[in-house]
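1. sharing a model prediction with you, sequence too.
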Amino acid sequence: MLERFRRSWTALLAPVADALLRAGVSPDVVTLVGTLGVSAGALVFFPLGLLWPGVLVIGVFVFSDLIDGHMARSSGRSSHWGAWLDSTLDRIGDAAVFGGLVLWFAGGGDDRVLMAVTLWCLVMGSVTSYARARAESLGMQAKGGIAERADRLAAVLLAAFFADALDLEILLAVTLWVLAAASTITVVQRALIVRRQAVPAGTR
């Protein structure tokens with residue numbers, strides 16, 4: 001869903017990526033700094049209930065995910081190492097976002113139900129990514145589902161921002177419940193995709 005926006009933002013940020021390359025900055029450094037920024041924004045601001053400031057900080061560093069990819073392609077530095085590093089650090093950033101919300105609901109947010117729902121979102125998000133990676137390591141594919149990574153991240157960040165800025169707590173609660181369900185469905189969808197490839201039709 002968000003792929004067309006990714007392409008537009010990548011084109012917009014291309015001059016920044018080119019400037020960093022001219023300055024001798026490597027794509028791996030941008031990837032690492034971006035992850036540290038996202039994690040800091042989530043784990044410093046969210047547990048304090050400062051959701052919209054946290055989202056702004058996270059939003060700035062989320063763009064590094066677009067910049068490092070452009071840098072790697074345009075400089076000819078694309079590699080298995082870079083792809084692995086980017087994917088692995090993305091998981092850390094995602095966990096920090098949902099983990100920060102878990103800490104908020106466990107503390108000042110004082111909502112154990114939403115704490116559990118958010119934790120479920122974190123777990124299912126990780127399982128969704130693992131299901132795809134494991135399938136690809138076995139020579140199959142498991143891409144797809146109703147809640148891909150970019151959609152989950154955009155939804156929770158937008159909901160957190162407006163829930164805090166406009167004092168609409170229900171918006172974040174509804175979004176988390178929807179993401180919990182959608183992530184679970186996505187895991188099931190990917191399991192079925194893999195099963196169709198792994199099990200001959202006549203033996204199902």
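-> On my side now, so go ahead. Residues are numbered from 1 along each chain as shown.

2. list the contacts of residue 61.
-> 33, 34, 35, 36, 37, 38, 41 (Cβ atoms under 8 Å, 6 or more residues apart in numbering). Glycine gets a C-beta too; all of them are placed from N, C-alpha and C.

3. columns distance to residue 148 on top of those, output as TSV?
-> Below are the contacts of residue 61 laid out as TSV (distance: Cβ to Cβ, whole Å):
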residue	distance to residue 148
33	24
34	19
35	19
36	24
37	22
38	18
41	22
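
4. from those residues, which is closest to residue 120?
-> residue 38 (20.9 Å; Cβ to Cβ).

5. how close does the closest one get to residue 58?
-> Distance, residue 38 to residue 58, by Cβ to Cβ, to the nearest Å: 5 Å.

6. neighbour count: these two, which is higher?
-> Of the pair residue 38 and residue 58, residue 38 is the one with more neighbours under other Cβ atoms under 10 Å, namely 29 against 26.

7. which helix or which strand is home to that one?
-> Assigned by DSSP states H and E, residue 38 falls within helix 27-40.

8. which strands and helices sit next to that helix?
-> When contacts are defined as 3 or more Cβ pairs under 8 Å, 6 or more residues apart in numbering; DSSP states H and E, helix 27-40 packs onto helix 51-62, helix 64-75, helix 80-106.

9. so where's the chain shaky on pLDDT?
-> 1-13, 201-204 (pLDDT under 70).

10. how does it look with 90?
-> Applying pLDDT under 90 to the chain flags residues 1-31, 60, 62-87, 143-151, 199-204.

11. longest helix anywhere in it?
-> Counting by DSSP state H, the longest helix found in the chain is helix 169-198.

12. and that helix, what does it pack against?
-> helix 112-137, helix 149-165.

13. so which of those comes closest to residue 184?
-> helix 112-137 (5.5 Å).

14. and the nearest residue to residue 57 once chain neighbours are set aside, what does it touch?
-> In space, and not counting its chain neighbours, residue 57 is closest to residue 41: 3.3 Å by Cβ to Cβ, 6 or more residues apart in numbering. Each residue near residue 41 by Cβ under 8 Å, 6+ apart is listed here: 54, 55, 56, 57, 58, 61.
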